[in-house]
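1. mind folding the following:
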Amino acid sequence: MNYSLCIMNCALFSYLCRTMEEKATTPYPECTENVIVLVSEPAAEYGKTIAYQGTTITNALKDYYAFTTNREKVDVLKWIVTQPAFTELKRLSMSENKIFTLYTNQYDEILKTGETPNNLQIAQKFVSNGYDVFLISNPKATKSADFIIRQKNKVFYVEGKTSSGGSALSVRLSDGAKQSDRIALNFIGFPKTSRIIELVNLTFNNYANIKELFLFKGSRLISINRDFCISKHFKNDFYKLWTKQK
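-> Reported below is the predicted structural model:
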């Protein structure tokens, strides 16, 4: 055998071994819309028992926080949103984008009173901006965020916060950074633009894990990632975005 060809074959074999080893690190295969895996959750947590096969959503969330690579984390999120336990919350969904939950009846009862909890308001705003939203409850003794949002083939894990932009928001951001690397901020009232810029800078400077902030001003969504925040013209560019009339 030609020496060069032998070297190429060895390199190819080594690459294939590494690839197989990497793919074997997660129990969550990459999922498509047509892949359904049945799971079981305690009735006390989600109000219904589903046929068991594989793991549970609660354990999947634990794995999400234990995994260190983005690929593994995304596989967990894609796996969760294919679970048949999710049903559409029709009262708040739109024709093109939907809100899904594991406890539709409970939300229906709340909505009949005419009240819309903060997280549902945020979910509605994501839907109006082209996302499907999967509401996640807080399993006992398991850290979790509020939403998985999906747009086309991309999924993100998001913690939701509502605030007037006052001093208490810095504490909420600190709590949110422990739950997810993406935070949705729904601002009520009319916070000063300078204060919002200060909070955005504070969040990215203080929490290295934060990848993106979703800011809602009314129904308008402004997405801020770390690269945008550290750019030279961030303050001016953000000011134009924030003060722009829809």
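2. the strand or helix carrying K62: how far from the chain's middle?
-> Using DSSP states H and E, K62 sits within helix 57-66. Its chain's C-alpha centre and that of helix 57-66 lie 14 Å apart, by C-alpha atoms, centre = their mean, to the nearest Å.
3. stretch 150-157 too?
-> For stretch 150-157, the distance from its own C-alpha centre to the chain's C-alpha centre is 8 Å (C-alpha atoms, centre = their mean).
4. pull out the buried residues from that stretch.
-> The neighbour-count check on stretch 150-157 (16 or more other C-beta atoms under 10 Å) flags R150, V155, F156, Y157 as buried. The C-beta positions use only the backbone N, C-alpha and C, and glycine is treated the same way.
5. before we move on, what about stretch 99-107?
-> Residues of stretch 99-107 classed as buried: I99, F100, T101, L102, Y103, T104, Y107 (neighbour count, 16+ other C-beta under 10 Å).
6. show me which positions of stretch 128-148 end up buried.
-> Neighbour counts over stretch 128-148 (16+ other C-beta under 10 Å) mark 129, 131-137, 139, 142, 144-148 as buried.
7. out of these, which two sit at the greatest distance?
-> N129 and T142 (28.5 Å; C-beta to C-beta).
8. residues near I224, how many?
-> Neighbour count of I224, defined by other C-beta atoms under 10 Å: 21.
9. quick revisit: which of the buried residues of stretch 150-157 lies closest to F204?
-> Nearest member of the buried residues of stretch 150-157 to F204, counting by C-beta to C-beta, is F156, at 16.7 Å.
10. tell me what the most centrally placed residue in the chain is bridged to.
-> Geometric centre of the chain, nearest residue: Y157, 1.6 Å, by C-alpha atoms, centre = their mean. Taking DSSP bridges as the rule, Y157 bridges to I148.
11. ok, and the closest non-adjacent residue to T87?
-> Distance criterion C-beta to C-beta, 6 or more residues apart in numbering; nearest residue to T87, sequence neighbours excluded, is T104 at 4.8 Å.
12. for T69, grab the count of nearby residues.
-> T69 has 11 neighbours, counted by other C-beta under 10 Å.
13. and it, how far from I57?
-> Distance of T69 to I57, computed by C-beta to C-beta, to the nearest Å: 21 Å.
14. likewise for S163?
-> Distance of S163 to I57, given as C-beta to C-beta: 29 Å.
15. just to revisit the earlier point, tell me which of the buried residues of stretch 99-107 fall in strands.
-> Under the assignment DSSP state E, the buried residues of stretch 99-107 contribute I99, F100, T101 to strands.
16. ok, the last one - contacts?
-> Spelled out, that is T101. T101 sits next to F86, T87, L89, Y107, F134, L135 when contact means C-beta atoms under 8 Å, 6 or more residues apart in numbering.
17. secondary structure added to those, as JSON lines?
-> Formatted as JSON lines, the contacts of T101 follow (DSSP: H, G, I helix; E, B strand; the rest coil):
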{"residue": "F86", "secondary structure": "coil"}
{"residue": "T87", "secondary structure": "strand"}
{"residue": "L89", "secondary structure": "coil"}
{"residue": "Y107", "secondary structure": "helix"}
{"residue": "F134", "secondary structure": "strand"}
{"residue": "L135", "secondary structure": "strand"}
